[in-house]
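K.L.:
Only the shape, not the letters, is given here:
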């Protein structure tokens, strides 16, 4: 359908539209017009992505400025889904365009997705490697500029990647024909044409209209510097599924160092020293050349940077710093190696301590200076200097140097930030462990630090998700001011989902995943009987989420011993999330087959786990979601404690408030994945007595909370089963009432709504005028009233 | 005449006769009769029971497919001969039965079951109501003996009528289905007992119009049952003296081999060369291997108790409790569920997860979890076949639509479809013609807004005074209120009164009512046969229907009498007879309606 918002023509690839989609688009447009940021919460499964893309593409195609769209999502399945959605939208737009000219314009639209080399490599030799790091390293060996130079000058002397070489022959900007390419499409294209998909996408980046990749490519400064630096300022940035964005921000600036890592770093330093000695005898000019460059400043040493050479961006260096010269004491290669060696030794020594240490970066730097005379300034350039050295030495198999790179990043970060970070040394893994396994955490406490450059650089940043309540939390944590901040209720002609809170078992014993009672046999059995009862009555798929891996694994074992799973086997198959991602994917695929087949299955997985992010359980893949317990974070974690403290001090967010918010957003995220579209239906079971508390439920998104009735908020298992049965009986009837007009709008409904809105605006305006005019005092009907009068014709 | 395999003197139902085994049937002829009164086709024999050696009577029992009661034969020859005679029969029949079993489910068995001596033309039995009761020759100890005969008659009748029965043309299985339907529906069973067994209506008539019940029963029966989902977990039974006992059935062995191929391998390697079958299982259940297969926390605790076993320990595999599975799975998964791709999308960053969120820390649970996933997958594959992942597709949606996974189906306009373009010759001319026509005819009465407004204005004049003149009749309102109050009062009355009708009478009333209903149903069915459905040549002819209607009417006409009798009884019991009368009134009305209709139709 085609309609107008203000005077912007929108092409929407469906015949109908949900009212919330329309409202969402209106607000989105408002944000773009105002070139500001916004936070939007739209119920899961109501077609958020398609509305977003539909509006933005319409916007891009209508205005001559052609703002680029950077669309970020969390996971590869979600990226692929967004690309597929975009592909369909563009096909629809081409179909809808009236003139040839318009058609060409739509056809020339380019949208691409970017992911790692590991996911995009088609060189069989390299792609067979299991670890992404190794793929990266091997790819660099085959494609870096010096290797290419040698290989091209003297074919056969250096091994090169054929796919990359073929790609090099193409014209930049023409490497991939215009259109929308999903990741699968790009891979196929690469195979067909014999070109490297990864670099094809990378080199097409300046020419695309839409790029879709994961949060990290924009938030993690190490990656962003390589991938996203060419993005223009007026680009529109969208963070979809952004409910965990603060965690991604924090992760991208946090680093862990362990004992084995430090040992590896030490070995790498030794190797570097050897290599320098070797180069000194063979090619001294090279080192001198590097030295000269470093005197001029960092910028010049990076300026000739190409996409094939970059292997490690600096974590975060302000521009002015990049123009500065590298400090003299680390300019010479051998000096820098000695410097690194000292630093590594220092951290190794620190790790020998057998008690927990927590300190600020400043105190760490002070101590470092006292012991090793390492100053803050050279430390800041550590990552950059290492990069330069590695390039000069033309090292291969960089994955061997990964630990050293990590140490260098650590050095740069610790020397750059004073506030918002904490160093925690934990000598033991758990409290009752006796063998030390020290971990040096460098942890970022302030999510706004990583996202700050994004807000500063791009004029419109859209933060959106199905579950992003309470809305004001995000501007507070990420330190920005949104121009629009909106949450949309779900308009339904009948309740398509039934949220139920089970607080006690049929035996009236309260159930909870609270640490003290979670392993109580009565609680475990009651949790089990909830699962059994639901497997008996719910068709097809059931997904159950646990608050942590630890709890899931122990409860699966306990249920097996209690014979609870034997009961479940009678009704459904059981699949469980495992530590291995690929193994879990296969289990997921089989789970879906079982649901399609009608056999039905139960999937046991973990909130905040691998499955809970990015996998949809719509329609028969999830007729019920059971949330066993409240997915609180592990509050004994020192990192979490530090973060809570920081939030309290810096932003006045209370600990309990944040913990509750965090638990509820994850719970909402888990249960929200059962719906797609309004004819889809599902049960949402919250099994914990703590869900009954009003303050907990208030943190759920409004569209879920509004359907939790007072009676449904405190149920025992048998009552919940009765309600569920009743719900399923009614929902399985064919809906007689027409949804159109209420929860489903046709073009006419949109126009009607727009007319009404206009009228309303006019009305308020007139009202103001009326007030000025004074009153006629005759009590007659106003003109507006006559206009409102509906005549039955 | 078929060749006879063996014969023997045997009595059945205390009547002396001759038991014969021909090359197609097992048959029994009563002494003095010519035709065999029991004929069992080979394919029909389901199982065989014998009395013990040396028992006073030498007996042989053959039960049939779908009918466990079967036939009892007592060999009447003097004991030694009887024993040997039976042996011969036993041998032959065992072979036949085992052949039947192996074929079971493959071929619908063509059956002509027992034949009632008195009724040499079973087909006619259906059309003569009441005549189905077998005459004296076959004694009927109970109603059960009666039913097979009826069922056969009706099944023949239904066959003739061409009612499509999923179960096939096999009367025995249809009878079995009917029995099942009746057993699962007690009310229907009572009705059946009241009407059919007393001979008021025939079996065929009873089931007429209830075919759907049988069809659904047949459908649910013919549905292939999948493998049970439960894990193979042989639970040891505790026997006195601290020993444990595990019953090994062929099924269990099969399941174990299926679930744990390693055991099958061990079996192949060791039995019977190194171990006897018995030893094998004994040692297996005591081995670490068995305990590893049980794989629960509890049994791993018991592992220390388990003995070393040089043979089985060889087959012991490393526990599958590493983060990565022991057998790496590298098949390609669909990108929408590919979790590994996300993991490899970017470098690992951030601090490590806290202890509770690190997967796989409960080492003991991991083998169990993997076992679940594998078991589920195996079950799926056994049902769906092992399909290479690339070929798997979503089943419910259009496979060729790549967007099916992201589509929101309710946003599509259900009514709008591309349609088929009408390909018309000379389209131009057609439309031109229409246009000119349209112009001429568009002289519809046009509404002149001015007049409309004027008229409206006129009609609205003096509306206030007219409004005052408006009066609403009070009577109607009062009446409505009174009737409502009465209604409430009577309801309250009924509620407050206890149900004093004694159980016996109440049951009689119910029976009378259901029976009358059934007759009415039959009557209307005969009068207005269901349209469309089975309008085949085999449908009952109008004449047949007329006969049936007449018969039903004769029953229906008795309804009033019966009700009257009930009212009488009620009066005798000291209960207000009017209440019974009121209760039965709808039935009486309905029957009167039918009667008057019938009379009118047949002047």
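P.N.:
That came through fine. Please read these numbers as outputs of a predicted model, since none were measured by experiment.

K.L.:
which residues does residue A:389 contact?
P.N.:
A:272, A:290, A:333, A:336-337 (C-beta atoms under 8 Å, 6 or more residues apart in numbering or on different chains). The way it works is simple: take the backbone N, C-alpha and C, and place the C-beta from them, glycine included.

K.L.:
Which of these sits closest to chain B?
P.N.:
residue A:272 (21.1 Å; C-beta to the nearest C-beta).

K.L.:
Which helix or strand contains that closest one?
P.N.:
helix A:259-282 (DSSP states H and E).

K.L.:
Next secondary structure after that helix?
P.N.:
helix A:284-296.

K.L.:
Neighbours of the closest residue to residue A:41 other than its chain neighbours, how many?
P.N.:
Leaving aside its sequence neighbours, residue A:41 sits nearest to residue A:487 (C-beta to C-beta, 6 or more residues apart in numbering or on different chains; 4.0 Å). By the criterion of other C-beta atoms under 10 Å in any protein chain shown, residue A:487 has 18 neighbours.

K.L.:
Quick check: phi and psi at residue A:487.
P.N.:
Note on residue A:487: its backbone torsions stand at phi -130, psi 140 [degrees, to the nearest 10].

K.L.:
returning to what we had before: so among the contacts of residue A:389, where is pLDDT lowest?
P.N.:
Ranked by pLDDT, the contacts of residue A:389 bottom out at residue A:290, which has 85.

K.L.:
OK, contacts around that residue?
P.N.:
So residue A:290 contacts A:301, A:333, A:388-389, A:392 (C-beta under 8 Å, 6+ apart).

K.L.:
so which of the residues you listed is the most crowded?
P.N.:
Result: residue A:333 is most packed of the contacts of residue A:290 (other C-beta under 10 Å), 25 neighbours.

K.L.:
correct me, but that one touches residue A:278?
P.N.:
No: counting by C-beta atoms under 8 Å, residue A:333 stays clear of residue A:278, with 11.7 Å between them.

K.L.:
Counting only strands, which of the contacts of residue A:290 make the cut?
P.N.:
Residues of the contacts of residue A:290 located in strands (DSSP state E): none.

K.L.:
what residues go with each domain of chain B?
P.N.:
Domain segmentation of chain B under automatic domain parsing yields B:4-103, B:122-222, B:237-315, B:503-601.

K.L.:
where among the ones you listed is the average confidence lowest?
P.N.:
domain B:122-222 (a mean of 62).

K.L.:
what helices or strands is the helix holding residue A:272 leaning on?
P.N.:
helix A:284-296, helix A:333-350, helix A:382-393, helix A:402-416 (3 or more C-beta pairs under 8 Å, 6 or more residues apart in numbering or on different chains; DSSP states H and E).

K.L.:
Tell me what angle the next helix or strand after the last one forms with helix A:402-416.
P.N.:
This points to helix A:402-416. Reading on from helix A:402-416 to the C-terminus, the next helix or strand found by DSSP H and E is strand A:421-426. Strand A:421-426 and helix A:402-416 are oriented at 130 degrees to each other (axes from the mean of the first three to the mean of the last three C-alpha atoms, to 10 degrees).

K.L.:
Quick check: closest non-adjacent residue to the residue in the stretch 301-450 of chain B that chain A sits nearest to.
P.N.:
Nearest residue of the stretch 301-450 of chain B to chain A (C-beta to the nearest C-beta) works out as residue B:350 at 2.9 Å. In this structure, residue B:350 finds its nearest non-sequential neighbour in residue A:251, 2.9 Å apart by C-beta to C-beta, 6+ apart.

K.L.:
Show me what counts as buried in the helix or strand harbouring that neighbour.
P.N.:
Using DSSP H and E, residue A:251 falls within helix A:245-252. Neighbour counts over helix A:245-252 (16 or more other C-beta atoms under 10 Å in any protein chain shown) mark A:245-246, A:248-252 as buried.

K.L.:
what would those look like in CSV with pLDDT?
P.N.:
Compiled in CSV, these are given as follows (pLDDT from 0 to 100):
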residue, pLDDT
A:245, 93
A:246, 93
A:248, 92
A:249, 93
A:250, 93
A:251, 91
A:252, 90
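
K.L.:
and which of the residues you listed is nearest to residue A:693?
P.N.:
Using C-beta to C-beta, residue A:246 comes nearest to residue A:693 of the buried residues of helix A:245-252, at 24.0 Å.

K.L.:
distance of that closest one from residue A:181?
P.N.:
31 Å (C-beta to C-beta, to the nearest Å).

K.L.:
One more: residue A:513?
P.N.:
Residue A:513 sits 44 Å away from residue A:181, going by C-beta to C-beta.

K.L.:
Please apply the same query to residue B:594.
P.N.:
75 Å.

K.L.:
more crowded one of the two?
P.N.:
Taking other C-beta under 10 Å, residue B:594 and residue A:181 do not tie; residue A:181 has more neighbours (25 against 22).

K.L.:
Run through the residues that contact that one.
P.N.:
Per C-beta under 8 Å, 6+ apart, neighbours of residue A:181: A:83, A:111-113, A:189.

K.L.:
How far does stretch B:192-202 sit from its chain's centre?
P.N.:
24 Å (C-alpha atoms, centre = their mean, to the nearest Å).

K.L.:
For it, list every residue counted as buried.
P.N.:
B:192, B:195-196, B:200-202.

K.L.:
can you redo those as JSON lines with distance to residue A:198?
P.N.:
Shown next, in JSON lines, are the buried residues of stretch B:192-202 (distance: C-beta to C-beta, whole Å):
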{"residue": "B:192", "distance to residue A:198": "75"}
{"residue": "B:195", "distance to residue A:198": "80"}
{"residue": "B:196", "distance to residue A:198": "79"}
{"residue": "B:200", "distance to residue A:198": "84"}
{"residue": "B:201", "distance to residue A:198": "81"}
{"residue": "B:202", "distance to residue A:198": "80"}
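
K.L.:
Looking at these, which one is closest to chain A?
P.N.:
Using C-beta to the nearest C-beta, residue B:192 comes nearest to chain A of those, at 30.5 Å.

K.L.:
The closest one belongs to a strand?
P.N.:
No: under the criterion used here (DSSP: H, G, I helix; E, B strand; the rest coil), residue B:192 is helix, not part of a strand.

K.L.:
quick one: contacts for it?
P.N.:
For residue B:192, the contact set (C-beta under 8 Å, 6+ apart) comprises B:182, B:206.

K.L.:
ok, now how distant is it from residue B:551?
P.N.:
Distance, residue B:192 to residue B:551, using C-beta to C-beta: 18 Å.

K.L.:
contacting residues around the nearest residue to residue A:272 once chain neighbours are set aside?
P.N.:
Spatial nearest neighbour of residue A:272, excluding adjacent residues (C-beta to C-beta, 6+ apart): residue A:337 at 5.2 Å. Applying C-beta under 8 Å, 6+ apart to residue A:337 gives the contacts A:269, A:272-273, A:276, A:389.

K.L.:
Filter the residues you listed down to just the buried residues.
P.N.:
A:269, A:272-273, A:276, A:389.

K.L.:
Same list (those) but as CSV, adding distance to residue B:429.
P.N.:
CSV is the format used below for the buried ones among the contacts of residue A:337 (distance: C-beta to C-beta, whole Å):
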residue, distance to residue B:429
A:269, 92
A:272, 89
A:273, 95
A:276, 92
A:389, 86
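
K.L.:
returning to that earlier point: can you tell me which of the contacts of residue A:290 has the lowest confidence score?
P.N.:
Comparing these by pLDDT, residue A:301 comes last, at 50.

K.L.:
and residue A:604, helix, strand or coil?
P.N.:
Going by three-state DSSP: residue A:604 is strand.

K.L.:
OK, contacts around the closest residue to it other than its chain neighbours?
P.N.:
Spatial nearest neighbour of residue A:604, excluding adjacent residues (C-beta to C-beta, 6+ apart): residue A:576 at 4.6 Å. Contacts for residue A:576 were tallied using C-beta under 8 Å, 6+ apart; they are A:552, A:556, A:587, A:603-605, B:369, B:372-373.
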